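[1] compute the structure for the input listed below.
(6 chains)
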There are 4 protein chains.
Amino acid sequence: MPLQLAPGQRRKPKQLRSRLMVETILEAARQIFAEHGFEAATTNQIAERAGISIGSLYQYFPNKDSLILEIQRMHHDELLALIRSAMDKSGKLPLREAVRSIIGANLDMHLSEARLHGAFEEWIPAQTQLVDRERFQQEMVGLINGFLDSRPELPKGQAAKSAVFVIMNLVKSVMHAAVSDAKAAENREQILDHVVDGILACLQPLPENATPPRPHH
Amino acid sequence: MPLQLAPGQRRKPKQLRSRLMVETILEAARQIFAEHGFEAATTNQIAERAGISIGSLYQYFPNKDSLILEIQRMHHDELLALIRSAMDKSGKLPLREAVRSIIGANLDMHLSEARLHGAFEEWIPAQTQLVDRERFQQEMVGLINGFLDSRPELPKGQAAKSAVFVIMNLVKSVMHAAVSDAKAAENREQILDHVVDGILACLQPLPENATPPRPHH
Amino acid sequence: MPLQLAPGQRRKPKQLRSRLMVETILEAARQIFAEHGFEAATTNQIAERAGISIGSLYQYFPNKDSLILEIQRMHHDELLALIRSAMDKSGKLPLREAVRSIIGANLDMHLSEARLHGAFEEWIPAQTQLVDRERFQQEMVGLINGFLDSRPELPKGQAAKSAVFVIMNLVKSVMHAAVSDAKAAENREQILDHVVDGILACLQPLPENATPPRPHH
Amino acid sequence: MPLQLAPGQRRKPKQLRSRLMVETILEAARQIFAEHGFEAATTNQIAERAGISIGSLYQYFPNKDSLILEIQRMHHDELLALIRSAMDKSGKLPLREAVRSIIGANLDMHLSEARLHGAFEEWIPAQTQLVDRERFQQEMVGLINGFLDSRPELPKGQAAKSAVFVIMNLVKSVMHAAVSDAKAAENREQILDHVVDGILACLQPLPENATPPRPHH
DNA sequence: CATGAATGAGGATTCATTCAT
DNA sequence: GATGAATGAATCCTCATTCAT
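    Reported below is the predicted structural model:
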């Protein structure tokens, strides 16, 4: 117990401890949710894994929902960061290689987090507006558009809207499938090939004669 | 009291009641699971919704798992039937229209079943081999291949493998997204356009010069 | 449907059917109780084993308790009959052989009914006066006294009271132990020897000097 | 707040509370099992009787079985201690008095515990090896042999084997009978006389001429 | 009388959350 | 702030018993 503290400094250690605690808890929660799913995970398990008492857990998170909400937020951020960095690194590669490395990074992350995504799906928040799927989606679209912009041979803006939409969903789905399918881990390369093929196809301008301008309401 | 009964017909009424009961229960379960997800749904809720006692429910289904298993099976069957029928009906339409109507039917079904799929995802069966994801997937692949075969302009067999993989996942993901996204219902036409574009792109043979033969292990 | 019946005869077939039904049910109940114990046995199991509907069972027995009560009664009767017959048969044998054969018969019966007795113990009747332990005990005492009477060398009446009490309990306990102890079945001969020794010892007049006339309260 | 604490003593209060709670629960369970038998007793009843919540009960005992297992263990220990102490106290008394006081203590304990033994009988543990009937029996045999050793006039070792067997079962049965028979409490003295007579008889060497050496396989 | 579908009270057990220390 | 014992509502499921057919 220090005798004397510089003014304004007193709360620093507390905040540090606080932040550390929060991170420890979240890491424990991430593991437990990943191992058991949302409903099957118990807050006591999480506290135990974090090496703290259940009471302390509730000091930092008001309830079970808040835990998974925060984890999801973090996961989204990590995913965006990962892709951003993969895009940066792939700057000079030929298109197929670039796409392949970006998607590959994405896939690896999902394979390693496996069941955590199951927990995200399982959790149906009472207050829908609390989740940040929206924000995540927006940012992801921005990222993809940025990539398209950086490659002269690819379509941009309005012309690429469909492609972006399809790519996002294709990737999402494959990630999903990879996660729920035990065998996916072994097929990594093949899956990657398929996805990359699909993405490149989407980015190819459709031959004019094949698809007449679609008129619809 | 009928004077004469065809043999084996005597037990019909019982069987009818039985079948009716089973269907009532399944419909109730489908609703409750769709509303609350798997774990959050309670068997008592389901019985109440079905208008029967909890005891009766357990007369027909040995446990909670068996309910969702059966619902999933039914859902898969309905989906396959729906697509088969949409494919049949679309026989003479130009490719884009055909694909659009098939996917459209699929999408509509998912939009109406909304959160039920969340429940499917959530449920992790104790005995994995009991679920029929495998069967479903196989049949779906067969269906898609059949469609490709029926259209001379489309690739077939080995050449289409990637396309089929991507299409399946693309569709699955969009359905998934549609299901979890409230606004999807309003964007039906746009979403459809995007998906159809994506599918058609995948079915286009990749220009040779764009993608050199990928060598990997 | 017979047109004409002799008066008073109408109910005979019914009574016969009735009696048969009752016996079938009791036999089934005996088996089920023996296999699972009282609480763990279910009336539906019993009905099924009896090859009748649960409704029919309740036509003949008002509740689960009444089943075990009746079985216990029957068991007591059979036990008494068995011992009576063993005593009759052993008429001319030397004392030790006689006792041995009587006790042996008793033991065999218990070994074969094994867990049924567990069910008797387990069942705590709501209305104590309903059970017939009292009657059973009285009759058994009578039987033993009869045996003592038939053997000039043995004590009788008041002098044998202690012996009878001890014998009854000794036998009962050994039966009990035999029933709950899996190994008992293999030790049949040894157990028999011990019990017979004990009984003969009790029937020996105590040496006067060893036990002074007990004065108490 | 004590200025100085012996090391390791800090946690005492917690452990005390814990021990107290466990004892409170066990006492409640003992009562409820004694009143209703094993199956009919409910864990909620026990918690209520103990004046705690059902949740607390399960904090200390993982399931219903563990409750009766522990109670049985305690009961066996108490019984052995009681008899040991009764044997010690009876050191200088004449044989009959000594036996009488030992058995008397035993009987009193059983009379007071009444139906609890029914619950023991009723409970058929899933994992047989968990119960300690075996240990109890061994220790009891040891105790009795010790008593025989301490009295020069009594048989020992192999010669007493039958006697010990018979005595144990006799006592057990009488205790059992006493427990299930409401009137037993009133007949205490008579029952005691009978049992003591029986035991002494068993300890009398059988007259040689009465029982020829039994030959059996 | 026979049937067996339907009932629903009741039981063991779990787990998010609180609060006295 | 930290702790973890205590809480008790809520869950899945069973089974004795009834009653319409």
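[2] switch to C-alpha atoms for all contacts and neighbour counts from now on
    Noted.
[3] okay, now the domains of chain A?
    Domains of chain A are assigned by automatic domain parsing as A:12-61, A:65-203.
[4] the longest one close to chain B?
    Yes: judged by C-alpha under 8 Å from any C-alpha of the partner chain, domain A:65-203 comes into contact with chain B at A:96, A:118-119, A:121-122, A:124, A:162-163, A:165-166, A:169-170, A:172-174, A:177, A:194-195, A:197-198, A:201-203.
[5] what about that domain, average pLDDT?
    If you average the pLDDT over domain A:65-203, you get 82.
[6] endpoints of it, how far apart?
    39 Å (C-alpha to C-alpha, to the nearest Å).
[7] from residue A:61, how far off is the closest residue to DNA strand F within chain A?
    Closest approach between chain A and DNA strand F, counting by C-alpha to the nearest atom of the strand: residue A:55, at 3.0 Å. Separation of residue A:55 from residue A:61 (C-alpha to C-alpha) stands at 10 Å.
[8] more neighbours: which of the two?
    residue A:61 (15 against 10; other C-alpha atoms under 10 Å in any protein chain shown).
[9] one step back: which one of the domains of chain A lies nearest to residue D:25?
    domain A:12-61 (23.8 Å; C-alpha to C-alpha).
[10] quick one: the closest one near chain D?
    No: using C-alpha under 8 Å from any C-alpha, domain A:12-61 stays clear of chain D, coming no nearer than 13.0 Å.
[11] report whether that domain contacts chain B.
    Yes: counting by C-alpha under 8 Å from any C-alpha, chain B has neighbours in domain A:12-61: A:37, A:39.
[12] among the domains of chain A, which comes closest to residue D:76?
    Closest among the domains of chain A, once you apply C-alpha to C-alpha, is domain A:12-61, at 36.7 Å.
[13] does the closest one reach DNA strand E?
    Yes: for domain A:12-61, a contact with DNA strand E is found by C-alpha under 7 Å from any atom of the strand, at A:39-44, A:54-55, A:58.
[14] which helices and strands does whichever strand or helix holds residue A:66 pack with?
    Assigned by DSSP states H and E, residue A:66 belongs to helix A:64-89. Packed against helix A:64-89, as judged by 3 or more C-alpha pairs under 8 Å, 6 or more residues apart in numbering or on different chains; DSSP states H and E, are the following elements: helix A:11-36, helix A:95-113, helix A:133-150.
[15] host element of the residue of chain A found nearest chain C?
    Nearest residue of chain A to chain C (C-alpha to the nearest C-alpha) works out as residue A:40 at 30.5 Å. Assigned by DSSP H and E, residue A:40 belongs to neither a helix nor a strand.
[16] for burial, what's the neighbour tally of it?
    Residues near residue A:40, counting by other C-alpha under 10 Å: 12.
[17] surely residue A:84 meets residue A:144?
    No: with contact defined as C-alpha atoms under 8 Å, residue A:84 does not reach residue A:144; the gap is 9.2 Å.
[18] circling back to that earlier point, buried stuff in the helix holding residue A:66?
    A:64, A:67-73, A:75-76, A:79-80, A:82-84, A:86-87 (16 or more other C-alpha atoms under 10 Å in any protein chain shown).
[19] show me what contacts the residue in chain A positioned nearest to chain D?
    Of all residues in chain A, residue A:44 sits closest to chain D, at 13.0 Å by C-alpha to the nearest C-alpha. For residue A:44, the contacting residues are residue A:54, by C-alpha atoms under 8 Å, 6 or more residues apart in numbering or on different chains.
[20] which SS state does it fall under?
    Assigned by DSSP: H, G, I helix; E, B strand; the rest coil, the conformation of residue A:44 is helix.
[21] from residue A:152, how far out is residue A:100?
    Counting by C-alpha to C-alpha - residue A:100 and residue A:152 are separated by 18 Å.
[22] packing partners for the helix or strand harbouring residue A:121?
    Element membership of residue A:121 [criterion: DSSP H and E] is helix A:116-122. Judged by 3+ C-alpha pairs under 8 Å, 6+ apart, the packing partners of helix A:116-122 are helix A:11-36, helix A:157-180, helix B:116-122.
[23] mind running it again at 7 Å?
    helix A:11-36, helix B:116-122 (3 or more C-alpha pairs under 7 Å, 6 or more residues apart in numbering or on different chains; DSSP states H and E).
[24] quickly, which of these bottoms out on average pLDDT?
    helix B:116-122 (a mean of 78).
[25] give me the residues contacting that helix.
    A:118, A:121-122, B:30, B:33-34, B:37-38, B:72 (C-alpha atoms under 7 Å, 6 or more residues apart in numbering or on different chains).
[26] wondering if it reaches DNA strand F at all.
    No: counting by C-alpha under 7 Å from any atom of the strand, no contacts exist between helix B:116-122 and DNA strand F, the nearest distance being 12.8 Å.
[27] buried ones in that helix?
    Buried, per 16+ other C-alpha under 10 Å, within helix B:116-122: B:116-120, B:122.
[28] farthest pair within those residues?
    B:116 and B:122 (10.0 Å).
[29] how far does stretch A:67-83 sit from its chain's centre?
    5 Å (C-alpha atoms, centre = their mean, to the nearest Å).
[30] which parts of chain A sit against DNA strand E?
    Going by C-alpha under 7 Å from any atom of the strand, the residues of chain A near DNA strand E are A:39-44, A:54-55, A:58, A:62-65.
[31] again, 6 Å this time
    Taking C-alpha under 6 Å from any atom of the strand as the criterion, chain A approaches DNA strand E at residues A:40-44, A:54-55, A:58, A:63-64.
[32] now those as TSV including distance to residue B:132?
    Formatted as TSV, those follow (distance: C-alpha to C-alpha, whole Å):
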residue	distance to residue B:132
A:40	23
A:41	26
A:42	29
A:43	32
A:44	34
A:54	40
A:55	43
A:58	40
A:63	36
A:64	32
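[33] flag the least confident of the residues you listed.
    residue A:40 (90).
[34] that one and residue D:62, how far apart?
    19 Å.
[35] then residue A:191?
    Look at residue A:191 and residue D:62: by C-alpha to C-alpha, they are 47 Å apart.
[36] so those two - more neighbours on which side?
    Using other C-alpha under 10 Å as the criterion, residue A:191 and residue D:62 rank with residue A:191 on top: 21 against 10.
[37] show me which residues of stretch A:160-178 are buried.
    A:160, A:162-178.
[38] on that earlier part again, got JSON lines for the domains of chain A, with distance to residue D:109 too?
    Shown next, in JSON lines, are the domains of chain A (distance: least, C-alpha to C-alpha, whole Å):
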{"stretch": "domain A:12-61", "distance to residue D:109": "43"}
{"stretch": "domain A:65-203", "distance to residue D:109": "55"}
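[39] looking at the ones you listed, which is nearest to residue D:139?
    domain A:12-61 (42.2 Å).
[40] roughly how far is the closest one from the heart of the chain?
    20 Å.
[41] equivalent analysis for stretch A:73-91, please.
    The mean C-alpha position of stretch A:73-91 is separated from the chain mean by 9 Å, C-alpha atoms, centre = their mean.
[42] and the helix holding residue A:66 with helix A:11-36, angle?
    90 degrees (axes from the mean of the first three to the mean of the last three C-alpha atoms, to 10 degrees).
[43] neighbours of residue A:138, how many?
    Neighbours of residue A:138 (other C-alpha under 10 Å): 10.
[44] correct me if wrong: residue A:53 contacts residue A:47.
    Yes: look at residue A:53 against residue A:47 with C-alpha atoms under 7 Å: they come within range, at 5.7 Å.
[45] much appreciated, bye for now.
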